[in-house]
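> I need the structure of the sequence given here:
(one chain, ligands or ions: 1)
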Amino acid sequence: MFKRLVVLLGVFILLLSFFIRVRRPKNFPPGPRPLPILGNLLQLDPVNPLKDLERLKRRYGNVFSLYVGTQPVVILNGLEAIREALVTRAMEYGGRPNHIMISHVLQGKGVILANYGSSWREHRRFTLTTLRNFGLGKRSMEERILGEVTHICKELESSAGDLIDPQNLFHLAASNIICSLIFGERFSYDDPIFLTLIQWLQDLTKQSISPWAMVYEILPVLRPLPLPFRNVFQKCDEIKDFISKIVTQHKHSWVAGEPRDLIDSYLDQIDKTAEEGSTFNDTQMVSLLLDLFIAGTDTTSNTLRSVMLHLMTNQPIQDRCHREIEEVLEGRVDASFEDRHAMPYVQAVIHEAQRMSDTVPLSVFHSTCKDTQLQGYQLPKGTMVIPNLSSVLHEEGQWKFPHEFNPENFLNDKGEFVKPEAFLPFSTGIRVCLGEGLARMELFLFVVTLLQRFQFVWPETGGVPDLSLIFGGTQSQKPYRMGVRVWNGQRA
Ligand code: HEM
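Sure thing, here's the model as predicted:
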C-alpha cells in the first residue's frame, strides 16, 4: 500500500513540477531546487541522510536550506554557525517546530518539544532544581547510579565466560535511573510491566521517524485516516496512561513538603503555584515525565554501548584504562564522580567514544522565535532549524583526528584531559541537554565500575567489528555480542 501511494504521488508531483516552482524567501540560505509537495526529500537517503547533508554542505556552505515537503528547513553545520545561532542568538533560535508529527504526538507540552516561553522555562528550571535536590553533583546521586551498576555487575557475573548482547541490559539500567528519580523506585530487569514500558518507548521513538511520519508531514490531508502513523499516537497514549496511574498512586501517599521523587516534588509545585495562570498541572506533569523517559534512556544506553564497543575492539586502550582505575581507586569498591579528575586517560576515552557514538546527530530540531539572521542570511519567524551536531563532532580543524577513534583528541602534550569547544554531543545554548550532568555522571560511574571488575573482549567468532552507526533520532551501534571475563588480578 505504501509503495502504491509513493508511485501515485511521484507521478502527480512530476506533473505538478512543470507548473509550480517553489521559491525560497528573500535572502534565505541557499540549497537545491525543491519539488512541489515533496520538497528535497528525494535528495536525502531516508536510511541515513548524514552523508547527503555533508555533500550539500560542501556545495552550499555551512548554512544551507532544504524543503521537507512544503516546509523550508535550515541546516546548520560546523561550530561557528551552530554557536552563532544557539549561543549568540539564543533567544531567537530557542523555539521548537510545531508542525512535525512528534510535536503533535507530544502536543508541545513538557520540556523537549515545548516552544520557547514561560511553560518551557518554568518546567526546565523546576526539573533542574529537582534533579539537584535529589543529589545531582552530590554523593546521593552517585549512590543511586552505583546501586544500578551493582545490578548490571550481577548480570555480567552470571554471564562470565559467555557472550552477551548488552543492549537490553544498558537500556534497562539507564531507564531505571530515570525511574528511580521520577517514580521513586526501580524495576527488576525481568519485570513484565517494565519490559512492556521500555518496548512501547522504543516503538514510539522508532515510529516517529519512520517513512509514515514523512507521509504525515507532507500530506496533511491523510492525517485523519487510520494509517500506520496513528499507532504512534496510540502508543503515546498508552505510555501516558501508564504514567498517570503511577501519579494517581503517588497522590494517595504524598506528604506535602516531603518529596520522595520528582512526582512528589511536582505535586508540591502544583500546590505552591495554585494561583491562576500557573503552568504546573497534571497534564504537563505526565508530559514532563514522558519527556525524561524519552530523552534519558536511549541516549545514555546507546552511548554506553558505543563506549564498550570501542573499548573491546581496542584492548591496549582498555588495559590502560583498567590500570589507571586500579591506581586511583587502590582497591576501593565504589568510584566517585570526583575521581574523574585523577583519571585523565579514562576521561579522554569516554569522551572520545561519546564523540564517535554521535548519539543525537541532528540534535532536537529548533525553530526561530522571530525574524532573525545568521551569517548574513535572513530567516523568518517559525523557520525550522536543524543543528547538525554530527558535523561539529567530526569537523576538520577542530580535532587532531576528526574521523578516527583516538583518545588523543582529548589529551594535551602533558597527558592532561582537555575538552575541545567542538565537543557538543549535548548541544549548546539555552536548550542544551537538561540531563547532561546526569548523563556524564552515569557514563563515568558505569564505565569505571565495569572496567574495574571485568575485561570485555571481542569474540573470536565475531568477525571484523562493524563500527558503523544505525541512523536515527538517536543513533546506535549495530547489535553486537561481547565476551565478559571477571577481572581477578590477571588479564586473560
Ligand atoms: C549521553 C546521553 C545524552 C545525550 C547525548 C543527550 C543529548 C541531547 C541533545 C543533543 C539535546 C537537544 C538540545 C537542543 O535542542 O539543542 C537534548 C535535549 C534534552 N535532553 Fe538530553 N541527552 C542525553 C541524556 C539525557 C538524560 C539522561 C536526560 C534526562 C534527565 C536528558 C534530558 C533532556 C531533555 C529534557 C532535553 C530537552 C531540553 C530542552 O528542550 O530544553 N538527556 N539532549
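
> need the residues of the stretch 201-350 of the chain near the ligand, please.
Residues of the stretch 201-350 of the chain found near the ligand (Cβ under 6 Å from any ligand atom) are 291-292, 295-296, 299-300, 303. Bear in mind the C-beta positions are built from the backbone N, C-alpha and C, glycine included.

> the same query, at a cut-off of 8 Å, please.
291-292, 295-297, 299-300, 302-303 (Cβ under 8 Å from any ligand atom).

> dump stretch 287-304 to PDB, restricted to CA.
Only the C-alpha atoms of stretch 287-304 are listed here, as PDB (Å, rounded to 0.1, in the frame of the first residue of the first chain):
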ATOM      1  CA  SER A 287       4.200  15.000  29.600                       C
ATOM      2  CA  LEU A 288       7.300  16.000  31.600                       C
ATOM      3  CA  LEU A 289       7.700  12.500  33.000                       C
ATOM      4  CA  LEU A 290       7.400  11.000  29.500                       C
ATOM      5  CA  ASP A 291      10.000  13.500  28.200                       C
ATOM      6  CA  LEU A 292      12.500  12.500  30.800                       C
ATOM      7  CA  PHE A 293      12.000   8.800  29.800                       C
ATOM      8  CA  ILE A 294      12.300   9.500  26.100                       C
ATOM      9  CA  ALA A 295      15.300  11.800  26.500                       C
ATOM     10  CA  GLY A 296      17.200   9.900  29.200                       C
ATOM     11  CA  THR A 297      17.100   6.200  28.100                       C
ATOM     12  CA  ASP A 298      18.200   5.600  24.500                       C
ATOM     13  CA  THR A 299      20.700   8.400  24.600                       C
ATOM     14  CA  THR A 300      22.600   7.100  27.600                       C
ATOM     15  CA  SER A 301      22.400   3.400  26.800                       C
ATOM     16  CA  ASN A 302      23.400   3.900  23.100                       C
ATOM     17  CA  THR A 303      26.400   5.900  24.200                       C
ATOM     18  CA  LEU A 304      27.400   3.200  26.700                       C
END
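
> off-centre distance for that stretch?
The chain centre lies 7 Å from the centre of stretch 287-304; the measure is Cα atoms, centre = their mean, to the nearest Å.

> break down the stretch 1-150 of the chain into its helices, ranges please.
2-19, 50-60, 78-83, 101-106, 118-133, 139-158 (DSSP state H, counting those that start in this stretch).

> what mean pLDDT does the last one get?
The predicted model assigns helix 139-158 a mean pLDDT of 93.

> again with the second one
Averaged over helix 50-60, pLDDT sits at 97.

> now do that helix: everything it contacts.
Here helix 50-60 makes contact (Cβ atoms under 8 Å, 6 or more residues apart in numbering) with 29-32, 43-45, 64, 66, 75, 77-78, 361, 388, 390-391, 471.

> what of the last one?
Taking Cβ under 8 Å, 6+ apart as the criterion, the residues outside helix 139-158 that touch it are 131, 134-135, 164, 169-170, 173, 176-177, 180-181, 186, 189, 334-337, 438, 441-442, 445-446, 449-450, 453-454, 484, 486.

> now intersect those residues with the strands, please.
Judged by DSSP state E, the contacts of helix 139-158 include 164, 454, 484, 486 as members of strands.

> pipe those into TSV and attach neighbour count per row.
Below are those laid out as TSV (neighbours: other Cβ atoms under 10 Å):
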residue	neighbour count
164	17
454	21
484	22
486	13
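
> among these, which are in reach of the ligand?
Okay, of the ones in strands among the contacts of helix 139-158, nothing touches the ligand (Cβ under 8 Å from any ligand atom).

> need those in TSV (columns: pLDDT).
Converted to TSV, the ones in strands among the contacts of helix 139-158 look like this (pLDDT from 0 to 100):
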residue	pLDDT
164	94
454	96
484	95
486	93
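
> tell me which two of those sit farthest apart.
Across the ones in strands among the contacts of helix 139-158, the longest distance by Cβ to Cβ is 13.3 Å; it joins 164 and 486.

> what about the strands in the chain?
Going by DSSP E, the chain shows strands at 63-68, 71-77, 163-164, 366-367, 372-374, 377-379, 384-388, 454-457, 469-470, 476-477, 482-486.

> other SSEs contacting the last one?
Contacts of strand 482-486 with other secondary structure elements, assessed using 3 or more Cβ pairs under 8 Å, 6 or more residues apart in numbering; DSSP states H and E, are made with strand 163-164, helix 298-312, strand 454-457.

> using PDB, write out the CA atom coordinates for it.
Extracted in PDB, the C-alpha atoms of strand 482-486 (Å, rounded to 0.1, in the frame of the first residue of the first chain):
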ATOM      1  CA  MET A 482      30.700  -9.100  23.900                       C
ATOM      2  CA  GLY A 483      32.800 -11.600  25.800                       C
ATOM      3  CA  VAL A 484      32.800 -11.000  29.600                       C
ATOM      4  CA  ARG A 485      35.600 -12.100  31.900                       C
ATOM      5  CA  VAL A 486      35.700 -11.400  35.600                       C
END
